[in-house]
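Engineer: Compute the structure for the input listed below.
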Amino acid sequence: MEIKEGYLYHISRDFFELVDDPNLSINHSGVHSRPSYFLVKYKELLWFIPLSSKVEKYKKLSENTKRKYGKCNTILIRRIANKESAILLQNAFPTLPKYLSHPHTVNGKPYKVSKVLQKEILDNFNILMDLKKRGLYTFFTNVDKIEEMMYQELQNDTVQKV
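Structural biologist: So this is what the prediction gives:
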């Protein structure tokens, strides 16, 4: 499977079982086991930003944050695949290509987010990563622990190939 930035994907259950972080997305019943995720490539890892259909819930949270701080970089409410979605940057996490299950498809084709929205998501993601570097933690998941786990796997995979 070709992995492209700006597309939506689903993550395998193996990743969630391995990481076992209670702040990661919960299972959904039905066709998909997890929500769709927007892909961002950052350093050696793939980062995934979940989308939620619970737009009203996240609109309220976003509006509260905007009232308090003047802006909200952690939640975006935008149209994706012809429906309104909450883009939950606050719930982003890193993983490896082997943990991708499959691309999110619309009419049988992998779904690519518009260039304008990709830029907006990336700009906000980079702001959150800069805040993280300065010690201001805006992610709900323990991304430091997950990053460490993924870098360890990368190192182990490299050693095994040699």
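Engineer: what packs against the least confident helix or strand in the chain by mean pLDDT?
Structural biologist: When the helices and strands of the chain are scored by mean pLDDT, DSSP states H and E, helix 143-161 comes last with a mean of 86. Contacts defined by 3 or more CB pairs under 8 Å, 6 or more residues apart in numbering; DSSP states H and E place helix 143-161 against helix 13-19, strand 45-52, strand 93-95. No exception for glycine: its C-beta is placed from N, CA and C like everyone else's.
Engineer: where among those is the average confidence lowest?
Structural biologist: For the helices and strands packed on helix 143-161, mean pLDDT drops lowest on helix 13-19, to a mean of 90.
Engineer: what sits against the closest residue in space to residue 19 that isn't next to it in sequence?
Structural biologist: Distances taken as CB to CB, 6 or more residues apart in numbering put residue 146 closest to residue 19, at 5.6 Å, once the chain neighbours are dropped. Contact analysis of residue 146 by CB atoms under 8 Å, 6 or more residues apart in numbering lists 19, 21, 93, 94, 95.
Engineer: so the fourth one makes contact with residue 45?
Structural biologist: Think residue 94. Yes. Under the criterion of CB atoms under 8 Å, residue 94 makes contact with residue 45 at 4.0 Å.
Engineer: Now the common contact residues for these two.
Structural biologist: Shared contacts of residue 94 and residue 45, defined by CB under 8 Å, 6+ apart, comprise 147, 150.
Engineer: ok, those two, which is more surrounded?
Structural biologist: A direct count of neighbours by other CB atoms under 10 Å for residue 94 and residue 45 places residue 94 higher, at 22 against 19.
Engineer: mind listing what residue 94 touches?
Structural biologist: Residue 94 makes contact with 42, 45, 46, 47, 48, 143, 146, 147, 150, according to CB under 8 Å, 6+ apart.
Engineer: What distance do you get for the second one to residue 106?
Structural biologist: What that stands for is residue 45. Distance, residue 45 to residue 106, by CB to CB, to the nearest Å: 26 Å.
Engineer: Setting the sequence-adjacent residues aside, check what's closest to residue 76.
Structural biologist: By the measure of CB to CB, 6+ apart, the closest residue to residue 76 outside its immediate chain neighbours is residue 87, 4.2 Å from it.
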